[in-house]
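K.L.:
with the sequence up front, the predicted model follows.
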Amino acid sequence: WTFDYLVEKVGNAVVELQGDRDTASDYELAKDRHKRQATMRDVIHAAQAIDSSNDFYLTAYNDTTNKQALAPLWNDLGPVSILRDSGGLDGFFWLGPKGTLIPFHHDLTNNLLVQVMGRKRVLMVPAWELARMKNSIHCFSGREPGEWESGDPSLPPLLECVIGPGEALFLPVGWWHHVEALDISLSMSFTNFPADNNFVNEYPADTRF
């Protein structure tokens, strides 16, 4: 995939994205409030025109609309050996400019993050560090990456890696992670492993939306 190819193939498709994220600090908690629509062409051009921004991001949360809008792209996907082909449109599409952020949180599935274009920095903390990660609400943490710069020994261990085009990272269920795009970035994430991979019902009801 290249941006020229995406514009040619699905440029006129109307996609859903998270927009106006800079207007509120709770943009990840209030995702529905930040839903916006634009053509894929306009999203790509906006991402290319700006140096760095966290204001708009086409994410997995917009999957229901975008799997249909971007369906022709799934014909380009080849098999991934550790995943199970469900016969459907497997995988979630992520696109945004340099500077897009997903704050510390944990998922309720195992995830495979595959980088297609650009680079992402991923910070990870083990799942068992629930208390020290200040689990504030639902699956989100009250921690910020800058806290580790102090060298405070009371902080939990932090793993860091950067993935680039053609590289993938396995994110185990429950592991805390923070993701930052170091360049204009396109990623795919997958949850269709050949094993049960939905832990929503195991999550405490009083902390689930």
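P.N.:
Great, that's in hand.

K.L.:
helix or strand right after the worst-scoring helix or strand of the chain on mean pLDDT?
P.N.:
Sorted by mean pLDDT, DSSP states H and E, the helices and strands of the chain end with strand 135-137, the least confident at a mean of 83. Once the chain leaves strand 135-137, the next helix or strand it forms, by DSSP states H and E, is strand 140-141.

K.L.:
list the contacts of that next one.
P.N.:
28-29, 103-106, 133-135, 176 (CB atoms under 8 Å, 6 or more residues apart in numbering). To be clear about C-beta, it is placed using only N, CA and C from the backbone, and glycine gets the same treatment.

K.L.:
from those, which ones fall inside strands?
P.N.:
103-105, 135, 176 (DSSP state E).

K.L.:
how about JSON lines for those, with neighbour count and distance to Glu167 added?
P.N.:
Converted to JSON lines, the ones in strands among the contacts of strand 140-141 look like this (neighbours: other CB atoms under 10 Å; distance: CB to CB, whole Å):
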{"residue": "Pro103", "neighbour count": "18", "distance to Glu167": "22"}
{"residue": "Phe104", "neighbour count": "23", "distance to Glu167": "22"}
{"residue": "His105", "neighbour count": "18", "distance to Glu167": "22"}
{"residue": "Asn135", "neighbour count": "19", "distance to Glu167": "29"}
{"residue": "Trp176", "neighbour count": "25", "distance to Glu167": "21"}
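
K.L.:
so which of those residues comes closest to Thr191?
P.N.:
Ranked by distance to Thr191 (CB to CB), the ones in strands among the contacts of strand 140-141 are led by His105 at 15.3 Å.

K.L.:
between the contacts of strand 140-141, which sits nearest Lys9?
P.N.:
The closest of the contacts of strand 140-141, once distances to Lys9 are taken by CB to CB, is Glu28, at 29.9 Å.

K.L.:
mind exporting stretch 72-92 as PDB, just the C-alpha atoms?
P.N.:
Extracted in PDB, the C-alpha atoms of stretch 72-92 (Å, rounded to 0.1, in the frame of the first residue of the first chain):
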ATOM      1  CA  PRO A  72     -11.800  -3.400  -1.600                       C
ATOM      2  CA  LEU A  73      -8.500  -3.100   0.400                       C
ATOM      3  CA  TRP A  74      -9.100  -6.400   2.100                       C
ATOM      4  CA  ASN A  75      -8.600  -8.200  -1.200                       C
ATOM      5  CA  ASP A  76      -4.900  -7.100  -0.900                       C
ATOM      6  CA  LEU A  77      -4.400  -8.800   2.500                       C
ATOM      7  CA  GLY A  78      -2.500 -12.100   2.500                       C
ATOM      8  CA  PRO A  79      -2.700 -14.700   5.200                       C
ATOM      9  CA  VAL A  80      -0.900 -14.300   8.500                       C
ATOM     10  CA  SER A  81       0.300 -17.700   9.800                       C
ATOM     11  CA  ILE A  82      -0.600 -17.300  13.400                       C
ATOM     12  CA  LEU A  83      -4.100 -16.000  12.600                       C
ATOM     13  CA  ARG A  84      -7.300 -17.900  11.700                       C
ATOM     14  CA  ASP A  85      -9.100 -16.900   8.500                       C
ATOM     15  CA  SER A  86     -12.700 -16.400   9.500                       C
ATOM     16  CA  GLY A  87     -13.900 -15.900   5.900                       C
ATOM     17  CA  GLY A  88     -14.800 -12.300   6.600                       C
ATOM     18  CA  LEU A  89     -13.100  -9.000   6.700                       C
ATOM     19  CA  ASP A  90     -10.600  -9.700   9.400                       C
ATOM     20  CA  GLY A  91      -8.500  -6.900  10.900                       C
ATOM     21  CA  PHE A  92      -8.900  -3.300  11.900                       C
END
